[in-house]
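In: return a 3D structure for these sequence lines:
(one chain, ligands or ions: 1)
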Amino acid sequence: MINADPNELQKFSDLAHRWWDPKSEFKPLHDINPLRLDWIDANAGLAGKKVLDVGCGGGLLSEGMAERGAQVTGIDLSEKALGVARLHLLESGRSVDYRHISAESLAAEMPGSFDVVTCLEMLEHVPDPASTVAACAKLVKPGGQVFLSTLNRNPKSYLLAVIGAEYLLQMLPKGTHDYAKFIKPSELARHCKAADLEVAEIIGMTYNPFTQRYSLGRDTSVNYLLRTVRNA
Ligand SMILES: C[S@@+](CC[C@H](N)C(=O)[O-])C[C@H]1O[C@@H](n2cnc3c(N)ncnc32)[C@H](O)[C@@H]1O
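Out: Residues are numbered from 1 along each chain as shown. Okay, here's the model as predicted:
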C-alpha cells in the first residue's frame with residue numbers, strides 16, 4: 001500500500017495555485033526558505049551535487065537548491081503541486097526534474113543515487129514516516145547526507161503550531177496540521193537509526209511573532225531540522 005494520506009494530498013492540491021505567492025498560506029515556507037537553504041548549503045555544498053527533494057510541493061526548496069548549482073530532482077504525490085512547480089520553472093528559467101512518484105517507489109527504482117536528500121515539512125503529513133525516512137536513506141549514496149524537518153509533539157508545539165499559527169495568527173489554514181502526526185526528535189532519531197542514518201546535528205527553528213522573523217538555534221521544542229549521514 002502506498003504511504004500517503006489522500007486527505008493530506010488534497011489539502012495541498014487545493015491550495016497549490018497559491019504556492020509561489022509569498023503572502024498566501026505558503027508564507028511560512030517562503031519565510032523559512034532562505035534560512036534552511038543556507039543551512040543545507042553550508043553543510044552539503046550544494047553546487048554540483050545530485051540532490052533529491054522529497055515532498056517538494058510547488059518547488060520552493062527545489063528551485064532554491066537548483067539556483068545554488070545543484071542538479072535537483074523533486075518528487076511529490078500531488079499532481080497539482082507538481083504542475084505549479086513545473087510552470088514556475090518557465091518563469092524562473094531554472095531547471096528541476098519534477099516527478100510524480102513516492103519516495104519508496106523511487107528508492108526501489110534508483111537506490112544510492114543522490115549525494116543529498118532533503119525531506120522538509122513533509123513527514124508530519126504521511127501515515128508512516130519511518131517508511132519515508134527508510135526510503136530517503138536508501139536513495140542517498142553511502143556517506144551522503146539526508147536533511148529532515150518536522151514538528152515536535154508536545155503541549156507547546158500544539159499551542160504554537162496549531163492554536164497559534166492556525167487559529168490566532170491565521171498564518172496557516174485551519175486543519176493544516178494534525179497534532180497526532182507530529183514527531184518527537186527521539187522518535188525521528190529512532191527511525192533514522194533503523195534506516196542506517198547517523199544523526200549528525202539537530203537544530204531548532206523558532207518564530208518570533210513580534211519581529212515576525214524565524215531563526216535557527218537550540219530550541220527544538222516546536223520546529224526542528226535533522227542532519228543525518230548515511231553509514232558507508
Ligand atoms: C508542507 S508541504 C512542504 C513542501 C516542501 N517540502 C517545502 O518544505 O517547501 C508538504 C508536501 O508534502 C507532500 N506530500 C504529502 N504526502 C506525501 C507523500 N506521501 N509523498 C510525497 N509527497 C507528499 C504534499 O503534497 C506537499 O507538497
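In: show me what counts as buried in the helix or strand of the chain with the lowest mean pLDDT.
Out: Using mean pLDDT, DSSP states H and E, the weakest-scoring helix or strand in the chain turns out to be helix 155-157, at a mean of 81. Of the residues in helix 155-157, those buried by neighbour count under the rule 16 or more other CB atoms under 10 Å are residue 157. Where you see a C-beta, it was placed from the backbone N, CA and C, and this is true even at glycine.
In: that helix: how far from the chain's middle?
Out: Averaged C-alpha coordinates place helix 155-157 at 20 Å from its chain's average position (CA atoms, centre = their mean, to the nearest Å).
In: and what about residue 86, helix, strand or coil?
Out: Classification of residue 86 using DSSP: H, G, I helix; E, B strand; the rest coil returns helix.
In: what is the burial count for it?
Out: Neighbourhood size, residue 86 [other CB atoms under 10 Å]: 15.
In: please report how far it lies from residue 8.
Out: Distance, residue 86 to residue 8, by CB to CB, to the nearest Å: 21 Å.
In: go on, residue 215?
Out: 28 Å.
In: surely residue 33 touches residue 64?
Out: Yes - under the criterion of CB atoms under 8 Å, residue 33 lies in contact with residue 64, with a separation of 5.8 Å.
In: more neighbours: which of the two?
Out: Ranked by neighbour count (other CB under 10 Å), residue 33 and residue 64 place residue 64 first, with 21 against 18.
In: wasn't that one part of a helix?
Out: Yes - if the criterion is three-state DSSP, then residue 64 is within a helix.
In: tell me what the lengthiest helix in the chain is packed against?
Out: When secondary structure is assigned using DSSP state H, the longest helix within the chain turns out to be helix 27-44. Where contact means 3 or more CB pairs under 8 Å, 6 or more residues apart in numbering; DSSP states H and E, helix 27-44 is packed against helix 60-67, strand 114-120, strand 140-151, strand 197-208, strand 213-217, strand 223-230.
In: just give me how far stretch 193-210 sits from the chain centre.
Out: Averaging C-alpha positions (CA atoms, centre = their mean) puts stretch 193-210 12 Å from its chain's average.
In: same check, this time on stretch 188-207
Out: Relative to its chain's centre, stretch 188-207 lies at 13 Å (CA atoms, centre = their mean).
In: could you pull up the mean pLDDT of that stretch?
Out: Taken as a whole, stretch 188-207 has an average pLDDT of 97.
In: pretty sure residue 174 is touching residue 168, no?
Out: No - taking CB under 8 Å as the definition, residue 174 is not a contact partner of residue 168, at 11.1 Å.
In: still on that earlier bit, list the contacts of the helix or strand just after the longest helix of the chain.
Out: Later in the chain than helix 27-44, the nearest helix or strand by DSSP states H and E is strand 50-54. When contacts are taken as CB atoms under 8 Å, 6 or more residues apart in numbering, the neighbours of strand 50-54 outside the stretch itself are 44, 61-62, 65, 70-75, 103, 106, 113-120, 122, 132, 135-136, 139-140.
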